[in-house]
Structure formats: C-alpha cells, structure tokens
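Visitor: From the sequence below, what's the structure:
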Amino acid sequence: MAKRAIIFHGTGGNPEAVWYQWLGNRLNDRGYAVEIPHWPLLNKESINTFLPKVMDAHRFDSESVLVGHSGGAALLLAILEELSAPVRATIMVAGYWSQPNDEEEPVLRPRYDWNTIRANSGEMIIVNSVTDPYGCDSTQGRYIFDRTGGTQVIMNEGHFGDWNQEYASFPLLDRLIP
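Guide: Next up is the predicted model:
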C-alpha cells in the first residue's frame, strides 16, 4: 500500500490557495501520492448531504494522511466518524468543532462521537493560533485535543493563510507529518 495524503482546503478556498500546493509538492517529494481536491460547496452545503460525496470520492486507509485547514479541518471530524478503520495521521490546521463565530457552519455536526474520532485519527496533530480572526483558535483546538489526544501546537499565526494573510509555505507541517 502506498502512502497517500489528502489536503482539504478551507471554506471558500481552493487547491491553489495558501500553502496547499507547497505542502503537496513537499509530500510528493517524500513519496506520497497527494490529492488536493476542490470542494466549492464545503461549508455551504449541509454536512449530511456533503459528506457522502466526499466519502465516495476518496479512499481512506491505514496509509492515508488527512490534512484539513479551517472548514476542511472541521470536515475531518465527520470523515473520521464514518471510517471503519484508522488512517495513518490526521492534521487539523485552524480546526474547530463548534461554531467559532457568527457565520453559519453547515460543515459541523450537532455532536460528535469522540471515541470513534480518536480511534480512527491515527496520529492526531492539532495546530491552532491564539490570534485566529475567525475563532478557529487554540481554545477550539484544546477542546478537540482533550477528546482525541495526540499533539496540539499553539502558535501566534492568525489563520495560517487567508485572503489577507499570505502563507505560501508551512515548513512546520512538513516536519510534523510522519
């Protein structure tokens, strides 16, 4: 089985945004087959109808590394709940589990099965910032960490890339991914 990484962009994002291509190239150089799909309805369509499309479009197995940024990280929680076996690793960047601000968050479920998420996440790495302008901050990350374990990294880096925050590379992620 070959190592595979799937990088999920955030709400309103796309595969060309911020550090996604940079990380994909780094992982490809390390022998990963990399997918950076475009999901324009991420966090616009209800998770109940959106998640089956994502599950059908990708293969998840013991060699999969899942990376999600912002809304893509929140999506990972729902994906992990649906798996029948664990992935190799899960990396949540600016992740959140509850409504972080006043915006609608259709990517969120009303509640999560944290035992299933923990069992399926493989090596869990949660990266948040104390200065996230959208509320996807270290408090959100700590709540996830307290239920899943793993490693939480807290930085002072805004949203790790956004329309007004250039973040073309993310060397820390390259070092953290097994």
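
Visitor: Show me where this structure has its helices.
Guide: Counting by DSSP state H, the chain has these helices, from start to end: 20-29, 47-57, 71-82, 114-120, 138-148, 171-176.

Visitor: which intervals of this protein have sub-threshold pLDDT?
Guide: Applying pLDDT under 70 to the chain picks out residues 1.

Visitor: closest one to residue 161 among the helices of the chain?
Guide: helix 20-29 (8.6 Å; CB to CB). For the C-beta atoms, the positions are set from N, CA and C on the backbone; glycine is no exception.

Visitor: for that closest one, which positions count as buried?
Guide: Buried residues in helix 20-29, counted by 16 or more other CB atoms under 10 Å: 20-24, 26-27.

Visitor: Redo those residues as TSV? Include distance to residue 91.
Guide: Formatted as TSV, the buried residues of helix 20-29 follow (distance: CB to CB, whole Å):
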residue	distance to residue 91
20	12
21	16
22	14
23	10
24	13
26	13
27	11
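
Visitor: Single out the most deeply packed of the helices of the chain.
Guide: helix 71-82 (a mean of 24; mean count of other CB atoms under 10 Å).

Visitor: Packing partners of that helix?
Guide: strand 4-8, helix 47-57, strand 64-69, strand 89-93, helix 114-120 (3 or more CB pairs under 8 Å, 6 or more residues apart in numbering; DSSP states H and E).

Visitor: what does the last one contact?
Guide: Under the criterion CB atoms under 8 Å, 6 or more residues apart in numbering, residues 77, 80-81, 83, 85-87, 124, 147-149 lie in contact with helix 114-120.

Visitor: I am finished for the moment; much appreciated.
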